[in-house]
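Chemist: With the input below, show me the fold.
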Amino acid sequence: MADDPNRLRTPLTILIVGPAESVHVSRWTRFLVKRGHKVMLYTERDPPEPLGAAETRRWPLGWLPRTVRIFAAAFALAWWRRRMRVDITNVQSMGANSVVTIGLPPRGLVLSAWGSDLLQPSSAVQRALVRHGLRRASLVLTTSCDMASRVRDLLDGRPTPIRVESWGVDGSLFRPPTEMERSEARARWGLPDEAVVVLSPRSVKPLYRTRLIVDAFAQACATRTDLRLVLLAGFEPANSRARAIGVAYRRAAWAAARTLGDRAILIDETLAPSEMASLYWAADAVLSVPLTDQRASSVIEALCAGLLVIGADIPAYRELRDEGHSITLVDDPLVPRLVEALRSVERPTIAERTDRGRRTQTNEDQADRFKAIESTLLTVASRR
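Modeler: Below you'll find the model as predicted:
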């Protein structure tokens with residue numbers, strides 16, 4: 001009975017440490033607020049829009065170099081955390097947060113692994129800090145079995161609990177369109193109704209190999225004049241060095257895309273969920289070929305919209321394929337494999353999209369997935 005979450009007082013007081021500009025952080029924060037929990041968010045930058053009743057605090061000393069700010073943020077967070085009666089501290093992403101959260105007590109510490117923060121650490125120091133954080137946690141949340149296996153390797157036998165939970169999607173938004181909705185979405189984004197539209201919903205950065213996507217698309221266009229490509233700028237990191245690398249990479253990718261004329265559409269703005277849903281309605285297929293990944297929300301959104309996903313041949317995506325989702329995997333060398341896949345893309349009928357989307361939506365309802373994670377947090381809090 002000691003671990004029965006129903007015996008714990010509710011609502012919980014939950015401290016979330018992570019980037020407020022991230023769609024994952026904002027969705028999770030809004031859900032917990034709506035469920036009646038007291039939510040506090042500790043973030044480097046302000047959220048783009050209000051997050052309900054959540055209390056937001058930024059890292060201090062914004063005018064100082066970021067390396068200094070990270071340590072100042074760690075000290076300020078430890079001080080703030082001691083003054084609060086916090087039941088759960090949820091750390092979203094283990095990049096800079098590996099340092100920021102180093103002074104927090106391990107009880108009630110829940111880490112949400114994102115992917116590249118664990119699989120592609122920027123240095124040996126970050127890898128050591130990530131491993132230290134994982135060993136102190138009360139629970140580690142992942143979205144794929146492969147990531148859970150990677151976490152176990154980093155734990156070196158320490159019995160830290162790991163739970164695999166998809167974050168799901170909002171099925172009321174991310175669903176197959178009607179024929180009219182597809183035509184209206186095409187008109188909204190300036191896409192010909194007769195075109196075969198391929199959407200790259202990931203950020204333009206080296207991790208997602210956007211430059212190779214553009215190269216492959218250009219080659220595929222030589223024999224497929226009906227193809228159109230849509231690229232999104234996506235998330236910008238707070239780290240100035242990482243941001244500078246991203247900006248340079250984006251300029252190169254977009255310069256190549258602009259040589260394609262009206263066959264490529266470049267979207268350099270933050271999109272609301274409804275706008276993203278409209279892009280999925282307009283598309284016929286989605287490209288996601290990262291070097292590493294988990295069960296990416298954008299991929300699940302595309303599958304729920306009834307789209308074929310052309311994905312990298314990586315373990316997390318193999319899991320999706322083995323579950324029966326409509327995902328075609330391409331291995332390395334990426335460009336020729338991607339050219340071949342793009343040349344074979346066909347425009348699905350609305351009936352085909354509806355059938356595909358229904359199969360994914362059945363198991364990926366965001367409300368159900370978030371409630372499962374919430375129940376897990378209640379259990380962790382009851383053990384304190």
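
Chemist: Please make it C-alpha for all contacts and neighbour counts, starting now.
Modeler: Fine.

Chemist: Show the end-to-end separation of stretch 138-151, please.
Modeler: For stretch 138-151, the first and last residues are 13 Å from each other (C-alpha to C-alpha, to the nearest Å).

Chemist: sorry, that was for stretch 331-348
Modeler: Start-to-end, stretch 331-348 (C-alpha to C-alpha) is 24 Å.

Chemist: which parts of it are buried?
Modeler: Of all the residues in stretch 331-348, those buried under the rule 16 or more other C-alpha atoms under 10 Å are 334-336, 338-339, 341-343, 345, 347-348.

Chemist: next one: stretch 185-195
Modeler: Quick answer for stretch 185-195 (16+ other C-alpha under 10 Å): 185-186, 191, 195.

Chemist: In TSV, list these along with distance to S112, secondary structure and pLDDT.
Modeler: TSV is the format used below for the buried residues of stretch 185-195 (distance: C-alpha to C-alpha, whole Å; DSSP: H, G, I helix; E, B strand; the rest coil; pLDDT from 0 to 100):
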residue	distance to S112	secondary structure	pLDDT
A185	34	helix	98
R186	36	helix	97
L191	37	coil	97
A195	39	coil	97
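
Chemist: Any chance of these in TSV with distance to I327 as columns?
Modeler: Compiled in TSV, those are given as follows (distance: C-alpha to C-alpha, whole Å):
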residue	distance to I327
A185	23
R186	23
L191	24
A195	21
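
Chemist: Out of those residues, which is nearest to T362?
Modeler: Using C-alpha to C-alpha, A185 is the member of the buried residues of stretch 185-195 that sits closest to T362, with 24.7 Å.

Chemist: Surely that closest one touches A277?
Modeler: No - look at A185 against A277 with C-alpha atoms under 8 Å: they stay out of range, at 9.2 Å.

Chemist: coming back round to it: what's the closest of the buried residues of stretch 331-348 to L64?
Modeler: Among the buried residues of stretch 331-348, L334 lies closest to L64 (C-alpha to C-alpha), at 41.3 Å.

Chemist: Report the buried residues of the helix or strand hosting G357.
Modeler: G357 is part of helix 350-361, with elements assigned from DSSP states H and E. Neighbour counts using 16+ other C-alpha under 10 Å place 353-354, 356-361 of helix 350-361 among the buried residues.

Chemist: go on, stretch 251-258?
Modeler: 253-254, 256-257.

Chemist: Which elements pack onto the helix or strand hosting E319?
Modeler: Using DSSP H and E, E319 falls within helix 315-322. When contacts are defined as 3 or more C-alpha pairs under 8 Å, 6 or more residues apart in numbering; DSSP states H and E, helix 315-322 sits against helix 145-155, strand 327-330.

Chemist: try 10 Å this time
Modeler: Secondary-structure packing of helix 315-322 (3 or more C-alpha pairs under 10 Å, 6 or more residues apart in numbering; DSSP states H and E): helix 145-155, helix 297-304, strand 308-312, strand 327-330.

Chemist: from the chain's centre, how far out does the longest one sit?
Modeler: In terms of C-alpha atoms, centre = their mean, to the nearest Å, the gap separating the centre of helix 145-155 from the centre of its chain is 18 Å.

Chemist: which parts of that helix are buried?
Modeler: Within helix 145-155, the residues scored as buried using 16+ other C-alpha under 10 Å are 145-148, 151-152, 154-155.
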